[in-house]
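# sharing a model that was predicted from the sequence below.
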Amino acid sequence: MEETIGFIGKLYKIYALLLIVIAAGCMALMLNYASKKVVFVTAEEAQAQEEAKQNKGLTKTVNIDKSYILEVRSTDTKNEINVSLPSLLASKAEVSSRPDLKKISVMLDEDKTEYFLNNAPTGDFENIKEVIVSYDGEKTRLEFETSKAINPVVSTHGNVLNIALEDFSKKRPVIVIDPGYGGSQPGTVAGSTAEKDITLRLAKLVAEKCKDKDYSVLLTRTCDETVLTEERLEIVEIMGADYYIALTLDSNVEDTKDFGMSAVYNSHYYRNGYENVDFADVVLRSCAESSVNKAKGLIEADSDDVILMALKIPAVRLNVGTITNLTEAQLLLKDEYLDRIATGITDAVEVAIKR
């Protein structure tokens, strides 16, 4: 009998030891998991992953018909580059800035590689490692590979594109404006209106209004391109953002009379007495008062709001309107209406910075 009890006791000890080993292994796995930056993406973004691997942002497309490294001429012009464009295409040129890829790209819809071989850009090339012109069968791309993350401020003078290279070594507040969707991800589409187009137009209006401010405004995308969640987070991190404002649209197919804007915030973040709910409230109130004075309220973020949940800075996702409401959809197509919302965002940023 004593031998049986002793044997059972040994089994219990072995079982307890196994439990301790398993628990220790689980704890090690949890610590390893927690130490890594893990980003979950939506199903829509997962479908775009394969395309992004083949053509990530401004990297060369799979089929390049022509590609040349340009011999450029550096001038005494400080912190800016001048790009001469074909006169008929100057107003249609798209400029894309990707600080996470350290690239700035100028894109034209026709094959103009020969033009740039004879009309290379000029300016301050201290921070430019290489300039490449290529054609992929659809677009001509003039790509500037930079030595560091740079925020380009673009303006057009006749047929000359001026790209001012903002120096981020000077400490100024940085506000990242993140126009939702883009490229292969249109967002909600109502008729011929795509969410990605409205958010980009609004973001550009905000950037234009903030050109002469004592803070810097950076857009996560400046043209119709696919930018994945991980890339957006990387841009925010690289540029040392102090504030983050994402731009999206609401939709409600069950109630097409649903009208107004709302703001989503992360309730778990708190810094120096300035909670995200306060920042979201300032942005929402300012934009509503500048436009139609109709706000649906503040919404607490959930796990689907990956970027808001990951950031440790004042951050908000502003739903600037409800695209499934016909009246509001028509308003969102008007530049004058978007300009009023952009004014509201700018005013809110001013309040936040002075707080």
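Arrived safely. Everything numeric here is computed off the predicted structure, so don't read it as measured data. Residues are numbered from 1 along each chain as shown.

# check contacts around Leu205.
Each residue near Leu205 by Cβ atoms under 8 Å, 6 or more residues apart in numbering is listed here: Asp335, Leu338, Asp339, Ala342. For the C-beta atoms, the positions are set from N, CA and C on the backbone; glycine is no exception.

# can you give me the distance of the last one to Pro173?
According to Cβ to Cβ, to the nearest Å, Ala342 and Pro173 sit 18 Å apart.

# so for these two, which residue has more residues nearby?
A count of neighbours by other Cβ atoms under 10 Å puts Ala342 above the other of Ala342 and Pro173, at 26 against 16.

# distance of the more buried one relative to Val320?
Computed as Cβ to Cβ, the Ala342 to Val320 distance reads 10 Å.

# which residues are common contacts for the two?
Taking Cβ under 8 Å, 6+ apart as the criterion, Ala342 and Val320 both touch Leu202.

# so Lys148 touches Lys129, yeah?
No. If you go by Cβ atoms under 8 Å, Lys148 and Lys129 don't touch, sitting 9.8 Å apart.

# who touches both of the two?
With Cβ under 8 Å, 6+ apart, Lys148 and Lys129 have no common neighbours.

# so Ile104 is in which element?
Assigned by DSSP states H and E, Ile104 belongs to strand 103-108.

# check which helices and strands that strand is in contact with.
Applying 3 or more Cβ pairs under 8 Å, 6 or more residues apart in numbering; DSSP states H and E, we find strand 103-108 packed against strand 94-98, strand 140-146.

# point out the most buried one among those.
Mean neighbour count (mean count of other Cβ atoms under 10 Å) peaks for strand 140-146 among the helices and strands packed on strand 103-108, with a mean of 22.

# and whichever helix or strand comes after it with strand 140-146, angle?
Counting by DSSP H and E, the element after strand 140-146 in chain order, helix or strand, is strand 151-157. Relative orientation of strand 151-157 versus strand 140-146 (axes from the mean of the first three to the mean of the last three Cα atoms, to 10 degrees): 140 degrees.

# what is the mean pLDDT for strand 151-157?
What strand 151-157 shows for mean pLDDT is 86.

# the next helix or strand after it pairs with which strands, parallel or anti?
Per DSSP H and E, the first helix or strand lying C-terminal to strand 151-157 is strand 160-166. With DSSP bridges as the test, strand 160-166 is paired with strand 80-84 (antiparallel), strand 151-157 (antiparallel).

# okay if I get those strands as JSON lines plus distance to Asp347?
JSON lines is the format used below for the strands paired with strand 160-166 (distance: least, Cβ to Cβ, whole Å):
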{"stretch": "strand 80-84", "distance to Asp347": "29"}
{"stretch": "strand 151-157", "distance to Asp347": "21"}
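
# for Ser192, which of those strands is the nearest?
strand 151-157 (27.0 Å; Cβ to Cβ).

# pull that closest one out as PDB, backbone CA atoms only.
Taking Å, rounded to 0.1, in the frame of the first residue of the first chain, the C-alpha atoms of strand 151-157 are listed here in PDB:
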ATOM      1  CA  ASN A 151       9.100  65.900 -46.800                       C
ATOM      2  CA  PRO A 152       8.700  67.500 -50.300                       C
ATOM      3  CA  VAL A 153       6.600  70.700 -50.600                       C
ATOM      4  CA  VAL A 154       5.500  70.900 -54.200                       C
ATOM      5  CA  SER A 155       4.500  73.900 -56.300                       C
ATOM      6  CA  THR A 156       4.100  74.500 -60.000                       C
ATOM      7  CA  HIS A 157       5.400  77.600 -61.900                       C
END
